[in-house]
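**Student:** Sequence below, structure please.
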Amino acid sequence: KTNLDSLKTIRLPHDPLMAAVWKKLQKELVEDCKKPLPALDIQKAVTVLDKQLWKLRVRVLQEISKAAEKTNWKTPLQKLIPKVEGWLNRIASIAIE
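**Tutor:** Now for the predicted structure:
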């Protein structure tokens, strides 16, 4: 979120800070998405639904990570910012209750 806010402060598409801010955001997002989720076997009474939700969360994080890795800092800001916001919204939607 902080990196996204920094990205939003950039007004000029060719601002020298653009590459540095994007690369930092991209690196941290990919690292965070690749962190393993807590194992289900430490919970009591794991249901089939719990297992499916866990698999869904893993898949969503993998998709976001791959998309972030493929996205280039040269992408126009008006496309890049909504894309990052969408990723953050997806992460928030799968957050463990």
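
**Student:** tell me the contacts of Ala19?
**Tutor:** By CB atoms under 8 Å, 6 or more residues apart in numbering, Ala19 lies in contact with Trp73. C-beta: built from backbone N, CA, C; applies to glycine.

**Student:** Tell me the spacing between it and Glu28.
**Tutor:** Distance, Ala19 to Glu28, by CB to CB, to the nearest Å: 15 Å.

**Student:** Same check on Thr9?
**Tutor:** 17 Å.

**Student:** For the helix or strand bottoming out on mean pLDDT in the chain, give me every contacting residue.
**Tutor:** Here the helix or strand of the chain ranked lowest by mean pLDDT, DSSP states H and E is helix 2-8, holding a mean of 82. With contact meaning CB under 8 Å, 6+ apart, helix 2-8 is reached by 18, 21-22, 24-25, 28-29, 77, 80-81, 84-85, 88.

**Student:** Now the element after it, going C-ward?
**Tutor:** Next in sequence after helix 2-8, counting helices and strands by DSSP states H and E, comes helix 17-34.

**Student:** Export only the CA atoms of that next one, formatted as CSV.
**Tutor:** Extracted in CSV, the C-alpha atoms of helix 17-34 (Å, rounded to 0.1, in the frame of the first residue of the first chain):
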residue,chain,number,x,y,z
LEU,A,17,11.7,7.9,-9.8
MET,A,18,9.2,5.8,-11.7
ALA,A,19,11.5,2.9,-12.3
ALA,A,20,12.8,2.8,-8.7
VAL,A,21,9.4,3.0,-7.1
TRP,A,22,7.9,0.4,-9.4
LYS,A,23,10.8,-2.0,-9.0
LYS,A,24,10.5,-1.7,-5.2
LEU,A,25,6.8,-2.3,-5.3
GLN,A,26,7.2,-5.2,-7.6
LYS,A,27,9.9,-6.8,-5.6
GLU,A,28,8.0,-6.6,-2.3
LEU,A,29,4.7,-7.7,-3.8
VAL,A,30,6.3,-10.8,-5.4
GLU,A,31,8.2,-11.6,-2.2
ASP,A,32,5.0,-11.3,-0.1
CYS,A,33,3.0,-13.4,-2.5
LYS,A,34,5.6,-16.1,-2.4
